[in-house]
Each structure stands twice: as C-alpha cells, then as structure tokens.
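In: Below: sequence and its predicted model.
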Amino acid sequence: MALLTGCAVSPPLPSTVFADFGGPDQPYLGLATSLHHEYDYETEVTGTIPSGLRGILYRNGPGLFDRGGLRKRSLLDGDGLIQRFHFHDGGVRYRNRFVQTPKFREEAAADRYLFPTWSTLAPGGLWNNFLGPSRIRSQAGVTVFPWQGRLYAFDESSLPFELDPTTLETIGESRLGVPAEIPLVFAAHSKFDPRTGEWLHFGIEYGRHAYLHLNCFAANGTLTRHRVIEIPRYVYMHDWFVSSRHLIVSLHPLEVEIWEPLLGIRSILDALRWRGDQGNLLLIMPRDLVGEPIILTSEASFMWHSVNAFEQEGKLIADFVGYANPDHLVGSASTVIAVMSGKQGVFRSPGQLCRYRIDLGRKRVARELLANGSFEWPRIDERQRCQPHRFVYLCAADPGQFFWSAVERHDLGTGERSRYDFGAGSYCTEPVFVPRNGSAKEWQGWVLTEVYDSRTRKSLLAVLDSEHLADGPLAQVLLRHHVPFSYHGWWLQS
Ligand SMILES: [Fe+2]
C-alpha cells in the first residue's frame, strides 16, 4: 500500500517529538539527546585514580540524532562520536570528536540530512530513497580499535575510518593496507587474538544474496587470509565468535526483506523480520579458512554480542548474551524505535548469559543458560580472548527497565555474581576491564563504565575495582556535559 500511495514508511521524525533530556518520568531520554559540541579539557575527578591505571580509554557510539529539525527513528543510529579518556599522572584529560565521514561533512555543510541510514530514510520520499541501501554511507559510529599505532572507527558494513590517536582528527577511510583488488567489507566487531597477535574480522556484503567476508591480519599488519562465502540467510547480525582454532557465525533468524529498502519504502531496520520458528544456524569454520564450513542448528536466539569462544576437552565453547526474541529491536513499538518518540516501548525478552557447547565430531550443539537476568555489553579480560575465560563483566537492568543501571561480574568458575547499581535514573555502558599492572591474574584489575546521570544531565566515567565491584567506584571522572548512548570502548595501556 505504501508503494501504491507513494508514501515512505520510515521517514525521519520531527526533532520536536520530545524536548532534549525528556521529563522526570523519562530519565532515559538523555541517552537519545544529541551532543552538539566537541570538547577538550582536564576533568574533575572525585575519589582516587589507582596509581597503576595509566593509558587511554577510547569509546565510540552515536552522538548526533538530530539535524535540520529532523530526528533519526532509532536510538541505534547516529553519527559516530569518539571519546578519549587519557589517564595520566596529573589526572584524566577528556576529548571528544565526531568522525568526519563524507556523510557527516556533507550533511553538516547542508545543515540537513541528505542520506538514508539503516533506520531512517532520507527526507524527500521515494525519489530520494530508491535503491536506498546503495545510498547508505558509513557513520563510523560503533567500535574503535587502536592497531599498529593507528586508531580506527568502524561501522556495520563498510570500511573503517582512521583517526589521529591523540587529536581524534579524522584522517580518512582506510583499507588497512589491503590492495584495492581484494573486496573488503567489515562489520564493527573484530577480535584480537593475544596469543598470535592476529586481528580477525567478519563482514556481511548484501547483494543479490548475502555474503560473509572473513579476513585475518597477521601481527605484522599484513592480510594473511581472506575468504568470501555465500550464506543461506539474508541476515542482519552484529557480532561473532573466534576461538583458538575456529570461527563461529550465528545466523539467527533475523532477516532483511531487502526489496522494501531497495524500493525506498522502508528502512533496513523497518524491513527486519524475526522468524523464530526457523531457529539459528551456526556456521563454523577452521581459522585457516580452508575447506567448507559446517552448519549446525540450534533454537532461535538473537545475539547482539558474543562474550568469547574457546576449545575445551574436545568441545567448542561459545558464550554470548542471547534473546528469545529481539522485540526491543524489531517492530515499530520496539524500545530502540519508540524511545526516539519519547516512549518506553516494548522489551519483553531480556538478554541472558548463554553458552553453546559444540561437539564438532558428533555435529551437535547444546545451549545452556549461564545466568538469568537482563544483561548486555559483555566484556572479558582481553588477554583471555580465544582462550577459556572465567570472569564476564556485563551491564544489568532491573526488572521492568530496558536500560542498564548496574554492572555485574560473573565468576563462571564458582557461579558467584557481584554487582554495583548506580541507581534509578543512571545508565551505564559496556564495562571495559583493565588488567592491574604487573598482575597476570584474570580477576585483578579495574572496570571502567561511562554513566549518564539523568539528575545532573551529565555523564561520568566510573572506575571500579574488579575484585570489589559492590563497593562502588574508586573514582569518578566527571564530565561537563552528557554523552548520548555510547556503545563500545577499548583500552590502550601506556
Ligand atoms: Fe556492538
């Protein structure tokens, strides 16, 4: 019907749909409020920064949801804002900058939105959105990784942008040194294997069919393995698993009805369909990318983020945060869409800490629940990446709340959970674990989480002791402003 009437169904919203920061009964709307300014200043710190905590925390996430009186339709859609917290001997210096992608530059110069994004069509109806996916440009707004002395910001399905690691000035789009004749598509989530020094990437190329791109860079920075595989689902997926010997791609049944975005009548987000009755397909490859992948089936479980994967006693173990149904994402009433209209929206299925036990010899998968709750943003000690891990750090939400007010540490060895709750109206972000200097012990370190406090309408970075999480922050790095919904961080040790 939308096509017949010439009406697009995923247009931008008016910016006036809610006032910045919302009202007292909508404290979470600060997360959906754009940050229009770039800053560079020494922060005020309360408490004591540990003397061994020296380095840089980089973070990335959407910073700008509004332009020219129009607003994006999803909280998960905005221009990439890079943050840099430099822990030095005299305190913590803060800097933030938007990634100057061509999209950002052109839209800033025009002072209006020009391009469609994954959740929102461009203004102007069908004419400006026909063949919409081909018009989508990177916002470089999901992850940020230092590598080989350089800094890169990634989006979902594109090339990364290189930034100056100190000034955060945008240098430009990068192919990571790979020759132009090799086709490259990168998703946001890559994995560093600390044992081998390799950096592994996946990406999904959406064409007539969906194609999985797999890339591996050696410790010296050269691309050593590259493979493109047609996959049996036109899937939207965000993260994957890498163990010491295998790659696992969970093709959950969240598919894009691509003809709708191609015709310009819906955004990709509004064209997602959850087909839970079709279950998950786990595509598993050896890390050398030789041979054909095997595909095993499991019950339907949507995944934003994996925890880690490893080999143990002949089994392949893969931990993740799984949802029985991505109802917080899919559908016009879902939380991540409704919040942009100032509403709380639907989120019936919580994120739970889950584990796959994969028996490759018998071609069987068993799925088990590791912890009940409402979790997201899992992190481990990155020194355990691709190896067995014992501790998982997560954000946790109270019952009835979608957004996360607490951080938790789960000891998978003992089942012990420790938690610190920042309180109602405060919202924390992915907890980044920093090993304590000189300690090889996985449990000794600090946890860094950025918290938006709706009472002050400002954000802070909390530093917690990983062994005494419940005692609360050792220090709080106070920002002079708020920071919108921020996704992912990476620690660079001095
Ligand atoms: Fe992510």
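Out: Looks like it came in fine.
In: Give me the local confidence score for S119.
Out: Per-residue pLDDT puts S119 at 94.
In: same thing with N129?
Out: 79.
In: Next: Y487.
Out: For Y487, the predicted pLDDT is 97.
In: distance of it from Y323?
Out: 17 Å (C-beta to C-beta, to the nearest Å). Just so you know, the C-beta spots here come from the backbone N, C-alpha and C atoms, and that holds for glycine as well.
In: out of those two, which sits in the more crowded spot?
Out: Each of Y487 and Y323 had its neighbours counted (other C-beta atoms under 10 Å), and the higher figure belongs to Y323 (24 against 20).
In: That one bridge partners, please.
Out: For Y323, the beta-bridge assignment (DSSP bridges) gives partners F302.
In: Where do the helices of the chain begin and end?
Out: 2-5, 102-110, 132-135, 259-263, 335-338 (DSSP state H).
In: how about those helices, which one is nearest R71?
Out: Taking C-beta to C-beta, helix 335-338 is the member of these nearest to R71, at 11.6 Å.
In: tell me the contacts of I284?
Out: H246, L247, I248, V249, P293, I294, I295, L296, L316, I358, L360 (C-beta atoms under 8 Å, 6 or more residues apart in numbering).
In: now with 6 Å?
Out: H246, I248, I294 (C-beta atoms under 6 Å, 6 or more residues apart in numbering).
In: Return the per-residue confidence for the spatially closest residue to F186 that is not a sequence neighbour.
Out: Ranked by C-beta to C-beta, 6 or more residues apart in numbering and with sequence neighbours excluded, the top spatial neighbour of F186 is G203, at 4.6 Å. Listed pLDDT for G203 reads 97.
In: again with H468
Out: 97.
In: what's the nearest residue to it if we skip its chain neighbours?
Out: The nearest residue in space to H468 (C-beta to C-beta, 6+ apart) is S418, at 8.0 Å.
In: For E44, see how far away N96 is.
Out: Distance of N96 to E44, computed by C-beta to C-beta: 16 Å.
In: and V9, how many residues sit next to it?
Out: Using other C-beta under 10 Å, V9 has 16 neighbouring residues.
In: Hmm, it is touching S267, no?
Out: No: in this structure V9 lies outside contact range of S267 using C-beta atoms under 6 Å: 8.6 Å.
In: between N96 and E44, who's got more neighbours?
Out: The neighbour comparison of N96 against E44 (other C-beta under 10 Å) goes to N96, with 20 against 13.
In: who's the nearest residue to the more buried one once chain neighbours are set aside bridged to?
Out: Computed as C-beta to C-beta, 6+ apart, the closest residue to N96 that is not its neighbour in sequence is Q83, at 4.7 Å. With DSSP bridges applied, Q83 shows beta-bridge pairing to R59, N96.
In: So what's the residue count around Q83?
Out: Neighbours of Q83 under the rule other C-beta under 10 Å: 25.
In: With Q148 as the reference, measure out to H201.
Out: Applying C-beta to C-beta to H201 and Q148 gives a distance of 14 Å.
In: okay, these two: which has more neighbours?
Out: H201 (24 against 13).
In: F154 pairs with what?
Out: Bridge pairing for F154 - DSSP bridges - gives T143.
In: any low-confidence regions in the protein?
Out: Within the chain, the segments meeting pLDDT under 70 span 1-8.
In: run the last query once more with 50
Out: 1-6 (pLDDT under 50).
In: Measure how buried the residue nearest to H468 is and give me the count.
Out: By other C-beta under 10 Å, 17 other residues sit near S418.
In: Quick one: residues contacting it.
Out: So S418 contacts R409, L469, A470 (C-beta under 6 Å, 6+ apart).
In: Out of these, grab the one that's most surrounded.
Out: R409 (23 neighbours).
In: Looks like D155 contacts A140 (just checking).
Out: Yes: taking contacts as C-beta under 6 Å, D155 lies within contact range of A140: 5.2 Å.
In: And the two? Which one has more around it.
Out: Legend: neighbour count by other C-beta under 10 Å for D155 and A140, higher for A140 (31 against 24).
In: Wait, the more buried one touches V99, no?
Out: Yes: taking C-beta under 6 Å as the definition, A140 is a contact partner of V99 at 4.0 Å.
In: shared neighbours of these two, anything?
Out: Here A140 and V99 share the contacting residues G80, A153, F161, scored by C-beta under 6 Å, 6+ apart.
In: Tell me how far the first one lies from V144.
Out: I take that to be G80. Shown here: G80 relative to V144, a distance of 8 Å by C-beta to C-beta.
In: what residues are shared contacts of these two?
Out: By the contact definition C-beta under 6 Å, 6+ apart, G80 and V144 are jointly contacted by N60, A153.
In: Next, count neighbours for S405.
Out: For S405, the count of nearby residues is 19 (other C-beta under 10 Å).
In: residues touching it, list them.
Out: By C-beta under 6 Å, 6+ apart, the contact set of S405 is D421, F422, S426.
In: how many neighbours does the closest residue to Y28 other than its chain neighbours have?
Out: Once flanking residues are discounted, Y28 sits nearest to F403: 5.0 Å by C-beta to C-beta, 6+ apart. Other residues within reach of F403, judged by other C-beta under 10 Å, total 23.
In: What's the separation between F403 and T456?
Out: Distance from F403 to T456, by C-beta to C-beta: 17 Å.
In: Can you add distance to V330 and give the contacts of S418 back as CSV?
Out: Shown next, in CSV, are the contacts of S418 (distance: C-beta to C-beta, whole Å):
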residue, distance to V330
R409, 31
L469, 33
A470, 35
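In: quick one: which of those residues is nearest S119?
Out: Proximity of these to S119, judged by C-beta to C-beta, is greatest for R409, which lies at 32.8 Å.
In: Any of the contacts of S405 buried? List them.
Out: Among the contacts of S405, those scoring as buried are D421, F422, S426 (criterion: 16 or more other C-beta atoms under 10 Å).
In: How about the contacts made by the last one?
Out: Taking C-beta under 6 Å, 6+ apart as the definition of contact, the neighbours of S426 are S405, V451, D453.
In: Would you mind confirming that H328 makes contact with F347?
Out: Yes: using C-beta under 6 Å, H328 is in contact with F347, at 3.9 Å.
In: any residues in contact with both of the two?
Out: With contacts defined as C-beta under 6 Å, 6+ apart, the residues shared by H328 and F347 are T335.
In: that older thread, which of the shared contacts of A140 and V99 has the largest number of neighbours?
Out: G80 (30 neighbours).
In: how near is it to N129?
Out: G80 is 22 Å from N129, by C-beta to C-beta.
In: Q401 too?
Out: Separation of Q401 from N129 (C-beta to C-beta): 35 Å.
In: rewinding a little: narrow the contacts of I284 to just the buried residues.
Out: The neighbour-count criterion (16+ other C-beta under 10 Å) marks H246, I248 among the contacts of I284 as buried.
In: Return the residues in contact with Y356.
Out: Counting by C-beta under 6 Å, 6+ apart, Y356 touches A318, V365, R367.
In: List just the nearest of these to G445.
Out: Lowest distance from G445 to these (C-beta to C-beta) belongs to A318, with 23.7 Å.
In: quick one on the thing from earlier: more crowded one of Q401 and N129?
Out: Neighbour tally, Q401 and N129, criterion other C-beta under 10 Å: the higher count belongs to N129, 26 against 15.
In: ok, that one - contacts?
Out: Counting by C-beta under 6 Å, 6+ apart, N129 has contacts A8, P116, L121, A122, G264.
In: closest to R73 among the residues you listed?
Out: Nearest to R73 among the contacts of N129, counting by C-beta to C-beta, is L121 at 8.6 Å.
In: Please tell me how far the closest one sits from L269.
Out: Taking C-beta to C-beta as the measure, L121 falls 10 Å from L269.
In: right, and L474 touches V463 too?
Out: Yes: between L474 and V463 a contact is recorded at 5.1 Å, counting by C-beta under 6 Å.
In: Having no further points to raise, I will conclude here.
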